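Student: Got a sequence here, can you build the structure:
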Amino acid sequence: MLTNLFTIFDPSTFIFSLNWMSTLFLLILFPHFYWLFNSRFMYLYKYFLKILIDEYKIIMKFNFNLNNLLYFIVLFLFIMFNNFMGLFSYIFTSSSHLIYSMVFSLSMWLGLMIFGWFKNTKFMFAHLVPQGTPFMLMFFMVLIEMLSNIIRPLTLCVRLTANMIAGHLLITLLSSFIPKMIFMYFIVLLCQMLLLVLEMAVSIIQSYVFVILMILYMKETN
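Tutor: Numbering: from 1, shown residues only. Now for the predicted structure:
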């Protein structure tokens with residue numbers, strides 16, 4: 001019996017503390033690429049990637065770069081697959097930890113800030129004051145823009161982590177009621193299945209939002 005509801009996210013709940021290795025489970029999907037004939041899964045996967053590439057091209061516009069596109073697609077797939085892996089039983093949910101999303105958000109944010117301030121210094125200074133700001137409010141707006149820029153990596157990682165934790169906690173709470181509510185067993189089970197479908201949608205949406213915000217932050221430094 002769990003002494004604390006949040007122990008389901010504890011990396012050392014099992015015998016071995018190698019639960020973070022679950023982030024590498026998505027490597028199991030890679031051998032599908034080397035088959036001579038594509039399966040239905042691969043057709044669906046390639047169709048999904050095509051939609052993703054077209055969407056990112058529209059957002060990037062003039063800042064389109066093949067290297068950036070490949071990076072963002074890989075980042076999206078990595079986060080999405082790890083979100084999905086956390087929905088399986090007895091698999092450690094790595095995307096529900098701040099350290100997981102902080103690695104991506106903080107490293108990307110630092111790289112963009114270094115690039116922007118060294119290569120586009122005038123543009124970065126101009127971005128601190130929105131166009132049309134009255135002179136008396138300029139100094140105040142600079143502080144607000146700097147603060148909003150600094151907390152960006154924190155908001156990115158907290159958004160992803162909080163959404164993953166919320167869904168898993170709801171599923172865990174509902175599963176604890178099943179033994180006590182025998183007469184409503186099928187109703188609780190149906191609610192749990194609906195929550196599971198919702199969590200699958202959230203896994204895709206949160207990874208998409210994470211990458212989209214990364215692209216928008218990148219556009220602000222160019």
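
Student: Over to residue 130. Which of the three states is it?
Tutor: coil (DSSP: H, G, I helix; E, B strand; the rest coil).

Student: and it, how many residues sit next to it?
Tutor: Number of residues near residue 130 (other Cβ atoms under 10 Å) recorded here: 12. All C-beta spots, glycine's among them, are computed from the backbone N, C-alpha and C.

Student: try residue 98
Tutor: Neighbours of residue 98 under the rule other Cβ under 10 Å: 14.

Student: same question, residue 92
Tutor: There are 25 residues near residue 92, going by other Cβ under 10 Å.

Student: Nearest residue to it in space, ignoring adjacent ones along the chain?
Tutor: Spatial nearest neighbour of residue 92, excluding adjacent residues (Cβ to Cβ, 6 or more residues apart in numbering): residue 19 at 3.5 Å.

Student: do you know how far that neighbour is from residue 60?
Tutor: Distance of residue 19 to residue 60, computed by Cβ to Cβ, to the nearest Å: 36 Å.

Student: next one: residue 100
Tutor: From residue 100 to residue 60 the distance is 25 Å (Cβ to Cβ).

Student: list the buried ones in the helix or strand encompassing residue 48?
Tutor: Taking DSSP states H and E as the definition, residue 48 sits inside helix 40-60. For helix 40-60, burial by neighbour count (16 or more other Cβ atoms under 10 Å) applies to 45, 52, 56, 60.

Student: For residue 204, state which of these is nearest.
Tutor: Lowest distance from residue 204 to those (Cβ to Cβ) belongs to residue 52, with 10.5 Å.

Student: So what's the residue count around the residue nearest to the closest one when sequence neighbours are not counted?
Tutor: The spatially closest residue to residue 52, leaving aside those adjacent along the chain, is residue 73, at 6.1 Å (Cβ to Cβ, 6+ apart). Residues near residue 73, counting by other Cβ under 10 Å, number 15.

Student: list the contacts for residue 73?
Tutor: Neighbouring residues of residue 73 by Cβ atoms under 8 Å, 6 or more residues apart in numbering: 49, 52, 53, 56.
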